[in-house]
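**Q** got a predicted structure plus its sequence, pasted below:
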Amino acid sequence: MPVIPDDVSPFADIDLALPDRRSGKVRVSYRLDGGHRLLITTDRLSALDRVVAAVPFKGQVLNQLAAWWFDQTRHIVPNHVVAIPDPNALIAVEVTPLPVEVVVRGAITGNTSTSLWRLYSEGARTAYGHRLPEGLRRDSLLDCPLITPTTKAEAGAHDEPLSVDDVVTRGLVAAGLWSQVQEAALALFAFGQRTAAAAGLILADTKYEFGLDADGRLLLIDEMHTPDSSRFWERSSYESRLAAGEDPESLDKEPIRRALSRVGYTGEGSPPDLGAEVVAETTRRYVTAYERITGSAFVPASYPVAIRITSALRSRGIL
């Protein structure tokens, strides 16, 4: 993992980051001096664009797995990571995020209103500007990956489907830059597919986010190829389960999705209590994904998560 540069201290005088604090669904972001941000992951898990559960060790797995992927893909596109000071934290370059989420799909799957399978099952044969062939089955693999971009909340309706041409014609991303983004996204997905296959997995789909640093350089940001941002299926049982009409075995947050679906929760109001078994199974899948992909055993931190960071912030009444 990258080392902490001498001129970037995530622990000393961290109160100087105030008052610029941003909290997302699964992480908290603080501005540091020198054009950097401290990103702290949490154990919160989101679905249907809502925080629906807390999964033990999820923050550590997400942070460390994303950091591993960032290290593996620097030859494809640079990323925003500067250092990994803690199992639940990373220091990143301050960026201006592009207003588009770049979803790459290698399979026709999903239940949300913007998923390929939902659109296809409702009769659509053109989605995101792509022509879809007849005879596709749910969860079947596509001949080639498709880029299916959506808007970010800051750019209008959240997860609004876009064609690849819409991104340019609507002025969301300039044509030359969008070409760079698409090339990088497809290269990242191809690398992810190869790496997943070596681990006995299928990378079915994923989401990438990109941003520009102060010099206008394109960077990969947020996270990548984690059980939060990607679907990983077991390769060994994929064909037999598909033939039997069963969902693929997954190493992602599918237990949470299914539990919410069983009780009819659609994101309105408070999420239901998912129960200890569902949460434990989700934890197992997150840890298994980390170990299968990286080839390393997951060892939880032996001290309270991010204690050096959170104690400094709490002493100032921030957390």
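**A** Here it is on my side, so go on. Treat the numbers as computed from the prediction; the structure is a model and nothing was measured. Numbering: from 1, shown residues only.
**Q** give me the distance between Thr288 and Phe57.
**A** 12 Å (Cβ to Cβ, to the nearest Å). Quick note: C-beta positions are derived from backbone N, CA and C, even for glycine.
**Q** low-confidence ranges, the stretch 1-150 of the chain, go.
**A** Applying pLDDT under 70 to the stretch 1-150 of the chain picks out residues 1-21.
**Q** can you map out the helices along it?
**A** 58-72, 116-121 (DSSP state H, counting those that start in this stretch).
**Q** redo those helices as CSV? Include distance to Glu281.
**A** CSV is the format used below for the helices of the stretch 1-150 of the chain (distance: least, Cβ to Cβ, whole Å):
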stretch, distance to Glu281
helix 58-72, 13
helix 116-121, 23
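**Q** save the ones you listed as CSV, and put in mean neighbour count and distance to Thr151 too.
**A** Below are those laid out as CSV (neighbours: other Cβ atoms under 10 Å; distance: least, Cβ to Cβ, whole Å):
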stretch, mean neighbour count, distance to Thr151
helix 58-72, 23, 23
helix 116-121, 19, 16
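**Q** quick one: the helix ranked longest in the chain to helix 58-72, angle?
**A** Criterion DSSP state H: the longest helix present in the chain is helix 175-198. Helix 175-198 runs at 110 degrees relative to helix 58-72, counting by axes from the mean of the first three to the mean of the last three Cα atoms, to 10 degrees.
**Q** need the CA coordinates for helix 175-198. CSV is fine.
**A** Provided in CSV are the C-alpha atoms of helix 175-198 (Å, rounded to 0.1, in the frame of the first residue of the first chain):
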residue,chain,number,x,y,z
ALA,A,175,-16.5,14.9,-26.2
GLY,A,176,-12.7,14.4,-25.9
LEU,A,177,-12.9,13.8,-22.2
TRP,A,178,-15.8,11.5,-22.5
SER,A,179,-13.8,9.4,-25.0
GLN,A,180,-11.0,9.1,-22.4
VAL,A,181,-13.6,8.1,-19.8
GLN,A,182,-15.1,5.4,-21.9
GLU,A,183,-11.8,4.0,-23.0
ALA,A,184,-10.6,3.9,-19.3
ALA,A,185,-13.9,2.3,-18.1
LEU,A,186,-13.8,-0.5,-20.6
ALA,A,187,-10.1,-1.2,-19.9
LEU,A,188,-10.8,-1.3,-16.2
PHE,A,189,-13.7,-3.6,-16.7
ALA,A,190,-11.7,-6.0,-18.9
PHE,A,191,-8.9,-6.0,-16.2
GLY,A,192,-11.6,-6.7,-13.5
GLN,A,193,-13.1,-9.5,-15.5
ARG,A,194,-9.7,-11.2,-15.9
THR,A,195,-8.8,-10.8,-12.3
ALA,A,196,-12.2,-12.1,-11.2
ALA,A,197,-11.9,-15.1,-13.5
ALA,A,198,-8.6,-16.0,-12.0
